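>>> curious how this folds, go ahead:
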Amino acid sequence: MAKDLLFEIGTEELPASAVEVGLKQLKEAGRVFGNYRLDYREIEAKASPRRLVLMVKGLVERQEKIVHETRGPAKHVAFENKKPTPAAHGFAKAQGVSVDSLITKETPQGEYVFAVKEEEGRLTSELLSGILKEIALSLSFPKSMRWEGGDLRFSRPIRWLLALWGSELISLELDGIMASNKTWGHRFLCKENPLTVKSAGQYEDLLEKKGKVIVDVEKRKELILKKIKEVAAGRGGRPVIDEGTFREVIHLVEHPGAIYGSFPEAFLVLPREVLVTAMEAHQRYFPVEGEEGNLKAGFVAVHNGDEKHADIITRGHERVLRARLSDAKFFFEEDQKKTLSERTEDLKGVVFQERLGSLYQKVMRVQRLSALTAEKLAVDDQTKSQAERAAYLCKSDLLTDMVVEFPVLQGVMGREYALLCGEPLEVAAAIYEHYLPRSATDQLPSTSPGKIVSIADKLDTIAGCISVGLIPTGSEDPYALRRQAQGIVTIILNSKFTLSLSFLLSASLDMFQEQGVKFDREASRAEIEALFSQRMRQTLLSEGLSYDVADAVLTLGVDNLVDLKRRAQAMSEFRSGPEMENLLTAYNRCKNLVRAEAGTVIAIGPSFDLYTEEQERRLGHAWKDVDERVEEALRAGEFEGALKALAYLRPEVDRFFDDVLVMVDDARLRENRLALLRAIVGTFNKVADFSKIVVGGT
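Prediction:
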């Protein structure tokens, strides 16, 4: 008869991140039961700040039995005149079965005899102690600890274990702690600690009603959301709910309550981001805004205490936040005593990277690179000037007290202080936007100066770090070079910038050499281009293009990313039509013969004077015509037209190979015909490397 399994690991208060990690790992416990051949109906993972809980619904009483089949001698060896031979008797004895139980089965090698043995499954009750110990010891956390001289490592000290299968207590010991049928409720609200759990089925209801602990994460989530909305609405507002803050709060309380706190309206002079950061990042409060979207002088805090003491809890939260906002207001006022422009000079004393110089040197490089980017994009003089000014000021807020206290506000405070200093709105916006995008899902810069400075800043970091050997590895990327390269790719593609990445990369490397940084220029350039190629490939794949199409266009390099994307899209659409077969056939017939003669060096193109066969001349003229059409189509960005032109060569190529012998004895004719084929392949390669295209699995 199947029964429910309950396993609770009780601890000191876990960090919210550890609760989340533990939940994820417990949900994967099904594979452990699978390894032991134990079937179940459902697995659930639950948790609160003081416990991680595994519930296995409908766990069977016994392992599934195993049938072992062992192959023996061939049938004609094991049986003679339908009677077992000594070989059959010997095999049966070795396997511990009777000779009469041997069966015959057909195999690819012929008929053989098999010994069949059934292994009965063990009782679940005999296995659970080992299984639960294995699960507990498999839990790992980013930060673990040992305590009280023990050897066990866990996120926080384990204080109790509860292990029940139905109502049956499981004998389990972990680092000196014996499992029991007792659990602990809320530290302050539960009056009967410890609580005795009679069966797995009553655990959750008992813990909630008597223990004052809501162990179901989804239920706790819904309750918290309902309460913070109700509390905010009661004061005529709505909560500003940050996803990360909300997820963390869920794992910080066992019996959630919510209070509304207020702070002096004088603090509303601070920028919205400062107020929100002070409430969310440090205190895990939810700001409250009015109908117009403006912040109110209030917040909602979720607590784990007794609702009867809500007034005391509220005053405590208000006192803490008031102190933080007082500090922020002081920083805000002090920071304004010095302009951003004055702070830029102070960046000379701040190291960006020990081999790449100071932040001031970085700012100077970014400013020059921004100017070059603006010129290549042919923006107007005002936009170029705004980009250069924003680049000059973009790192100055790193020296402000506000950003030192709240690092997450870098760029945000740069924008605010720039506006207070009288800088144009576009310059202030670009200072903020040059950090964008900060992640794959983050917003992109919306202004032209912001896009320009963002590209320049990210490219300078990538080029500099890779030049001094800080190349991203599979597990380490301390300067977030992959993310920054992805940011550049996304900005360029989203804005449809016709921009030479190769030119900007050369300019960036030039600046480091002028600064006196020693590095292998060619090796560094190759690493940087490989990084952008990887990011561009990932972008194409994420948009639904096939890997072979992405690889085919990326062999052309990563100079013009918009061009590459359009080529890939055109190829993807073209390959589904009938003309793709003609194109690939023509390409492969030429490519295969050229590849076979890879040792032959042909420095010049084919000579029309050396064409001796009619079909040779026809193919030569067809190639010249197609080459011109491909060049014209590529200049116009008509990639589908270029592909159609290449497909046009198929009939002429086929007739050429039917009528003309390439590998003739006459060396001049042979080399000229190879030169023609090589020239045709070269025309194909102007569009993409078609050898990368997979057709029929090859």
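>>> what about the residue nearest in space to the middle of the chain, which helix or strand?
Nearest to the geometric centre of the chain sits residue 440, at 8.0 Å (CA atoms, centre = their mean). Here residue 440 is covered by no helix or strand, with elements defined by DSSP states H and E.
>>> touching, it and residue 486? I think so.
Yes: between residue 440 and residue 486 there is a contact under CB atoms under 8 Å: 6.8 Å. Placement of C-beta: from N, CA and C, glycine included.
>>> what sits against residue 131?
32, 33, 36, 38 (CB atoms under 8 Å, 6 or more residues apart in numbering).
>>> hmm, 10 Å instead?
5, 7, 29, 32, 33, 35, 36, 38, 56, 124, 170, 172 (CB atoms under 10 Å, 6 or more residues apart in numbering).
>>> where does the prediction get shaky in the stretch 301-450 of the chain?
Counting by pLDDT under 70, not a single residue of the stretch 301-450 of the chain qualifies.
>>> and for stretch 163-172, what's in contact with it?
Residues from elsewhere that reach stretch 163-172 (CB under 10 Å, 6+ apart): 1-9, 54, 56, 59, 61, 124-125, 128-133, 136, 161-162, 174, 178-181, 197-203.
>>> how about 7 Å then?
3-7, 59, 125, 128-129, 132-133, 161, 179, 181, 197-200 (CB atoms under 7 Å, 6 or more residues apart in numbering).
>>> and the strands in the stretch 51-200 of the chain?
With DSSP state E, counting those that start in this stretch, the ranges of strands along the stretch 51-200 of the chain come out as 51-59, 66-74, 79-80, 83-84, 103-107, 110-119, 158-165, 168-169, 173-174, 177-178, 182-183, 195-196.
>>> list the helices and strands the helix or strand bottoming out on mean pLDDT in the chain packs on?
Least confident helix or strand, the chain: helix 579-596 with a mean of 84, by mean pLDDT, DSSP states H and E. Contacts defined by 3 or more CB pairs under 7 Å, 6 or more residues apart in numbering; DSSP states H and E place helix 579-596 against helix 639-647, helix 650-659, helix 667-685.
>>> export those helices as a markdown table, with columns for mean neighbour count and mean pLDDT.
Formatted as a markdown table, the helices and strands packed on helix 579-596 follow (neighbours: other CB atoms under 10 Å; pLDDT from 0 to 100):
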| stretch | mean neighbour count | mean pLDDT |
| --- | --- | --- |
| helix 639-647 | 22 | 91 |
| helix 650-659 | 17 | 89 |
| helix 667-685 | 20 | 89 |
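>>> ok, which of those comes nearest residue 312?
Among the helices and strands packed on helix 579-596, helix 639-647 comes nearest to residue 312, with 70.1 Å by CB to CB.
>>> I figured residue 451 hits residue 495, correct?
Yes: with contacts counted by CB atoms under 7 Å, residue 451 reaches residue 495, the gap being 5.8 Å.
>>> neighbour count: these two, which is higher?
For residue 451 and residue 495, the more surrounded residue by other CB atoms under 10 Å is residue 451, and the numbers stand at 26 against 18.
>>> does the nearest residue in space to that one that is not next to it in sequence belong to a helix, a strand or coil?
Distances taken as CB to CB, 6 or more residues apart in numbering put residue 445 closest to residue 451, at 4.5 Å, once the chain neighbours are dropped. Classification of residue 445 using DSSP: H, G, I helix; E, B strand; the rest coil returns coil.
>>> tally of neighbours for residue 445?
Look at residue 445: counted by other CB under 10 Å, it has 24 neighbours.
>>> the one 4 residues further on too?
Number of residues near residue 449 (other CB under 10 Å) recorded here: 30.
>>> next up, the contacts around it.
383, 386, 387, 390, 426, 427, 430.
>>> rerun at 8 Å
Neighbouring residues of residue 449 by CB under 8 Å, 6+ apart: 383, 386, 387, 390, 426, 427, 429, 430.
>>> helices or strands up against whichever strand or helix holds the first one?
Residue 383 is located in helix 381-393, with elements delineated by DSSP H and E. Taking 3 or more CB pairs under 8 Å, 6 or more residues apart in numbering; DSSP states H and E as the contact definition, the neighbouring helices and strands of helix 381-393 are helix 340-346, helix 359-376, helix 425-433, helix 448-467.
>>> and that helix with helix 448-467, angle?
Taking axes from the mean of the first three to the mean of the last three CA atoms, to 10 degrees, one finds helix 381-393 and helix 448-467 inclined to each other by 50 degrees.
>>> centre of the chain to helix 381-393, how far?
33 Å (CA atoms, centre = their mean, to the nearest Å).
>>> same question, stretch 308-320
Counting by CA atoms, centre = their mean, stretch 308-320 comes out at 40 Å from the chain centroid.
>>> CA atoms of it as PDB?
Extracted C-alpha coordinates of stretch 308-320, given in PDB (Å, rounded to 0.1, in the frame of the first residue of the first chain):
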ATOM      1  CA  LYS A 308      -0.900  42.600  17.900                       C
ATOM      2  CA  HIS A 309       2.400  44.500  18.000                       C
ATOM      3  CA  ALA A 310       2.000  46.100  14.600                       C
ATOM      4  CA  ASP A 311       2.400  49.600  16.000                       C
ATOM      5  CA  ILE A 312       5.800  48.800  17.600                       C
ATOM      6  CA  ILE A 313       6.900  47.000  14.400                       C
ATOM      7  CA  THR A 314       5.900  50.000  12.300                       C
ATOM      8  CA  ARG A 315       7.700  52.500  14.500                       C
ATOM      9  CA  GLY A 316      10.900  50.300  14.300                       C
ATOM     10  CA  HIS A 317      10.800  50.200  10.500                       C
ATOM     11  CA  GLU A 318      10.100  53.900  10.200                       C
ATOM     12  CA  ARG A 319      13.000  54.700  12.500                       C
ATOM     13  CA  VAL A 320      15.400  52.600  10.400                       C
END
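>>> next, residue 441: phi, psi?
Per-residue torsions, residue 441: phi -100, psi 0 (degrees, to the nearest 10).
>>> and for it, the neighbour number?
As a burial measure, residue 441 scores 6 neighbours (other CB under 10 Å).
>>> quick one: the helices in the stretch 401-550 of the chain?
401-405, 412-420, 425-433, 448-467, 481-495, 501-515, 521-542, 547-554 (DSSP state H, counting those that start in this stretch).
>>> what are the buried residues along the third one?
Of the residues in helix 425-433, those with enough neighbours to count as buried (16 or more other CB atoms under 10 Å) are 426, 427, 428, 429, 430, 431, 432, 433.
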